[in-house]
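1. Here's my sequence, what's the structure:
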Amino acid sequence: MAHEEIVEIDLEILFETEKAVSVTDGDVKCWIAKSLIENYDDDWEKGNTETMEIPEWVALEKGLI
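-> Numbering: from 1, shown residues only. Coordinates of the predicted model:
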């Protein structure tokens, strides 16, 4: 498997479930599985903006880049 590129994106947390977070970059709103966020932290809170490290393919698929 090829090396997976990781991108850092500042995203605001809108909502959270056990397995995913709903986020926005100000234009796009989407859900991202917690398992895909390299630096996911249980201390993140709704309304906060966090720099998330996610695979580039996820960011492209969700329209974040």
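
2. Give me the neighbour count for the residue nearest to Asn39 when sequence neighbours are not counted.
-> Excluding the flanking residues, the one nearest Asn39 by Cβ to Cβ, 6 or more residues apart in numbering is Glu53, at 4.6 Å. All C-beta atoms are positioned from the backbone trio N, CA, C, and that covers glycine. Glu53: 14 surrounding residues under other Cβ atoms under 10 Å.

3. swap in Glu45?
-> As a burial measure, Glu45 scores 9 neighbours (other Cβ under 10 Å).

4. On the three-state scheme, the closest residue to it other than its chain neighbours is what?
-> Residue nearest to Glu45 in three dimensions, not counting chain neighbours: Ile13, with 6.8 Å by Cβ to Cβ, 6+ apart. State at Ile13, reduced to three classes by DSSP: H, G, I helix; E, B strand; the rest coil: strand.

5. now the strands for this structure?
-> Using DSSP state E, the strands of the chain run over 6-16, 20-24, 29-33, 49-55.

6. Quick check, Phe15 in contact with Lys46.
-> Yes - under the criterion of Cβ atoms under 8 Å, Phe15 makes contact with Lys46 at 6.6 Å.

7. Tell me the residues that contact both of the two, please.
-> Here Phe15 and Lys46 share no contacting residue, scored by Cβ atoms under 8 Å, 6 or more residues apart in numbering.

8. Can you give me the pLDDT of the residue nearest to Asn39?
-> Note for Glu53: predicted pLDDT of 98.

9. Check the one 3 residues further on too.
-> Note on Glu56: pLDDT of 97.

10. list the contacts for it?
-> Residues in contact with Glu56 (Cβ under 8 Å, 6+ apart) are Glu4, Glu5, Ile6, Val7, Ile65.

11. how far away is the third one from Glu45?
-> Between Ile6 and Glu45 the distance is 23 Å, computed by Cβ to Cβ, to the nearest Å.

12. Any buried residues in stretch 22-36, and which?
-> For stretch 22-36, burial by neighbour count (16 or more other Cβ atoms under 10 Å) applies to Ser22, Val23, Asp25, Cys30, Ile32, Leu36.

13. er, stretch 44-54 I mean
-> By 16+ other Cβ under 10 Å, the buried positions in stretch 44-54 come out as Trp44, Glu50, Met52, Ile54.
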